[in-house]
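*Asks:* Kindly return the folded structure for what I paste below:
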Amino acid sequence: MSNLVATFVAGLKSRIVDVQIKTARELYHYAKTELREVPQEELTQFLDEFNHQIFEMVSSNDVHEKKGGVLAIDLQTT
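*Replies:* Residues are numbered from 1 along each chain as shown. As a prediction, this is how the structure comes out:
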């Protein structure tokens, strides 16, 4: 897993709600700004990796991981 994806995933999995929300906002900002500038191959790799992590989070038995996955999904639909 890339360092960037790992950083976002760790924040979204946090047991501290404020950290989850802050990470979701940072992810939203990253997606709206920096991801638009990367080459298509890099974008595809990031999205594939991140979507896999979201699936793992929402499939988890841990409520904090599920919530983090839902925050990330909600972010993608706004």
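*Asks:* so how far is V70 from S14?
*Replies:* Here the criterion is CB to CB, to the nearest Å. By it, S14 lies 14 Å from V70. C-betas here are computed from N, CA, C, even on glycine.
*Asks:* tally of neighbours for the nearest residue to T23 once chain neighbours are set aside?
*Replies:* Sequence neighbours aside, G11 is the residue nearest to T23 in space, at 2.9 Å (criterion: CB to CB, 6 or more residues apart in numbering). In terms of burial, G11 registers 19 neighbours under the definition other CB atoms under 10 Å.
*Asks:* dump the residue contacts of G11.
*Replies:* Contacts for G11 were tallied using CB atoms under 8 Å, 6 or more residues apart in numbering; they are 19-20, 22-23, 26, 68.
*Asks:* So which of these are in strands?
*Replies:* Judged by DSSP state E, the subset of these located in strands is empty.
*Asks:* Can you say which of these are buried?
*Replies:* Taking 16 or more other CB atoms under 10 Å as the criterion, what is buried in these is 20, 23, 68.
*Asks:* Which pLDDT value belongs to the first one?
*Replies:* For Q20, the model assigns a pLDDT of 96.
*Asks:* Okay, L27 and V70: tell me how far apart.
*Replies:* Applying CB to CB, the value for L27 to V70 is 13 Å.
*Asks:* Counting neighbours around each, name which of the two comes out higher.
*Replies:* In this view L27 and V70 are compared by other CB under 10 Å, and L27 has more residues nearby, 22 against 16.
*Asks:* who are the neighbours in contact with the more buried one?
*Replies:* With contact taken as CB under 8 Å, 6+ apart, L27 is in contact with 8, 12, 72, 75.
*Asks:* any idea how far it lies from D48?
*Replies:* For L27, the distance to D48 (CB to CB) stands at 16 Å.
*Asks:* likewise E41?
*Replies:* Going from E41 to D48 by CB to CB gives 11 Å.
*Asks:* Give me the phi and psi for T33.
*Replies:* phi -120, psi -70 (degrees, to the nearest 10).
*Asks:* do N61 as well
*Replies:* Recorded main-chain torsions at N61 are phi -80, psi -10, according to degrees, to the nearest 10.
*Asks:* separation between it and Q20?
*Replies:* 17 Å.
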